[in-house]
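3D, please:
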Amino acid sequence: MNERIPALKREEGIPRSRRGKKLLRLLIALFIIVLIVLFFRSPLAEISEIQITGTQYLSKDEVASQLGVTTGDSFFVPSIGKLKKRLAELEPIESVEIIKNFPGQLRVEVKEYPQVAVQLASDGKVFAVLSNGLTLPIPEGNLLDKPILSGWKPDEANLIALCRVLDELPHYLLADLSEIHPDPSTSYPNRIKLFTRSRFEVVTTIEKLKEKITYLSDIVQNREPGKIIMLEADTYLPYSAENVTEDLQ
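Below you'll find the model as predicted:
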């Protein structure tokens, strides 16, 4: 009796179609990697143009130097956040907007602290005083329509506080202030004396200036020149009345 020999089972392997798909995916991945490497080495991944706008007290060269990148450098590195941190170290800059326009354009839009006053040096040179208290050479051609600060020490806390207040005043009110001096007293260590272009002499404090400026504007527009005190109470004395008092004495 003949016995039947069972057929041997074939070893199961990976179907050809699946092997082909894996190989295809691998080739595609390698192709993408090669493209990425070639892209980052191509001019498309480089900075081709740097535009800097908004500077007045800083030069464009100073901003570009602090930025730390130049044409031909990577368009993607450093990041926008890192570039902003670098420029934040420049004292005249209040804020900055950095925009990357592909391919290759880097735009830097600078906003500097506004000028609120001027200072005269002993040699007659004129300096701009910014709203953060920073003093810089005034650009040629700028109008001297801001109050002159006299008798202030650099980096003085009251000077910085005054600059912040001046920055908050409307331009039409600020334009009438011609000169501001420190005038401290025991009761008012931040007292100031200011003079207006309309020939008024005013005594107040830094913190009260913003609060009292409307009252000052009303007097300037409707009264003859004189002395004004704006502290806890407000008083006004025209120069003409002062002269009469002196004559009677």
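
give me the most central residue, the protein.
Nearest residue to the geometric centre of the chain (CA atoms, centre = their mean): E94, 1.4 Å.

ok, which stretches of this structure are strands?
Applying DSSP state E to the chain gives strands spanning 49-53, 93-101, 105-112, 115-120, 126-130, 135-137, 148-149, 177-182, 191-196, 201-205, 226-230, 234-238.

of all the ones you listed, which lies closest to I80?
strand 93-101 (4.8 Å; CB to CB). Just so you know, the C-beta spots here come from the backbone N, C-alpha and C atoms, and that holds for glycine as well.

tell me what that closest one is packed against?
Using 3 or more CB pairs under 8 Å, 6 or more residues apart in numbering; DSSP states H and E, the elements in contact with strand 93-101 are helix 80-87, strand 105-112.

let me see the mean pLDDT of it.
Mean pLDDT, computed over strand 93-101, is 94.

quick one, that strand and strand 126-130 angle?
80 degrees (axes from the mean of the first three to the mean of the last three CA atoms, to 10 degrees).

in strand 93-101, what's buried?
93, 96, 98 (16 or more other CB atoms under 10 Å).

rewinding a little: ok, now which ones touch the residue nearest to the centre of the chain?
Going by CB atoms under 8 Å, 6 or more residues apart in numbering, E94 touches 111-113, 131-132.

may I see those residues arranged in CSV, with pLDDT as well?
Below are those laid out as CSV (pLDDT from 0 to 100):
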residue, pLDDT
K111, 96
E112, 96
Y113, 95
S131, 93
N132, 93
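
let me see the domain layout of this protein.
45-112, 115-247 (the TED database).

least reliable of those domains going by mean pLDDT?
Mean pLDDT is lowest for domain 115-247 among those, at a mean of 86.

one step back: which ChimeraX command selects the buried ones in the contacts of E94?
Filtering the contacts of E94 down to the buried ones (16+ other CB under 10 Å) takes a single ChimeraX command:
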select :112,113,131,132
